[in-house]
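Novice: sharing a model that was predicted from the sequence below.
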Amino acid sequence: MSAQAAPQRYKFVVYAPDMADEGAFQRRLNVRQAHLQRAKEEIGRGVIKVAGAMLTPESIQPPTAEKNMVGSVFICEAPSLEAVRELMESDVYYTSGVWDKEKMVILPLALVTAVP
């Protein structure tokens, strides 16, 4: 009996900026725990390799400054771009209008360093 080979998996980078309207940050906070729980599950499945919130430049000046989140970024591993798109489009940040759907970018990624 021959073992079936696992499907080829590729790396993808996801750039998901938040909407710029006044209520976007509050929408982010309202659903953040659900978003983080789902991300944790996808990390456990090996799909999300690196993830984090993008911050404004002022968020690091000084180091004690308030962290102003303006979007999300991911490195994912999946069999296709479509699989990553489906994952992102089912995320609560996408369905709740946190991320700007028109500005989201998902592209294949050729890494030259190891994923931490």
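Specialist: Received the coordinates, thanks.
Novice: just give me the residue closest to the centre of the protein.
Specialist: Among the residues of the chain, the one closest to the centroid is residue 74, at 3.9 Å (C-alpha atoms, centre = their mean).
Novice: does it lie in a helix or a strand, and which?
Specialist: strand 69-78 (DSSP states H and E).
Novice: distance between that strand and the chain's centre?
Specialist: 3 Å (C-alpha atoms, centre = their mean, to the nearest Å).
Novice: buried set for the next helix or strand after that strand?
Specialist: Counting by DSSP H and E, the next helix or strand C-terminal to strand 69-78 is helix 81-89. For helix 81-89, the neighbour count (16 or more other C-beta atoms under 10 Å) marks 83-85, 87-88 as buried. All C-beta spots, glycine's among them, are computed from the backbone N, C-alpha and C.
Novice: do the same with stretch 26-35
Specialist: Buried, per 16+ other C-beta under 10 Å, within stretch 26-35: 27-28, 31, 35.
Novice: before we move on, what about stretch 104-111?
Specialist: Here stretch 104-111 shows 104, 106 as buried, counting by 16+ other C-beta under 10 Å.
Novice: any idea what the nearest residue to residue 17 once chain neighbours are set aside is bridged to?
Specialist: If the residues on either side of it in the chain are set aside, residue 17 comes closest to residue 71, at 3.8 Å by C-beta to C-beta, 6 or more residues apart in numbering. Counting by DSSP bridges, residue 71 forms beta bridges with residue 17, residue 54.
Novice: correct me if wrong: residue 71 contacts residue 54.
Specialist: Yes: using C-beta atoms under 8 Å, residue 71 is in contact with residue 54, at 4.1 Å.
Novice: what separation do you get for the nearest residue to residue 58 once chain neighbours are set aside and residue 115?
Specialist: Spatial nearest neighbour of residue 58, chain neighbours left out: residue 65 (6.2 Å); criterion: C-beta to C-beta, 6+ apart. Separation of residue 65 from residue 115 (C-beta to C-beta, to the nearest Å): 28 Å.
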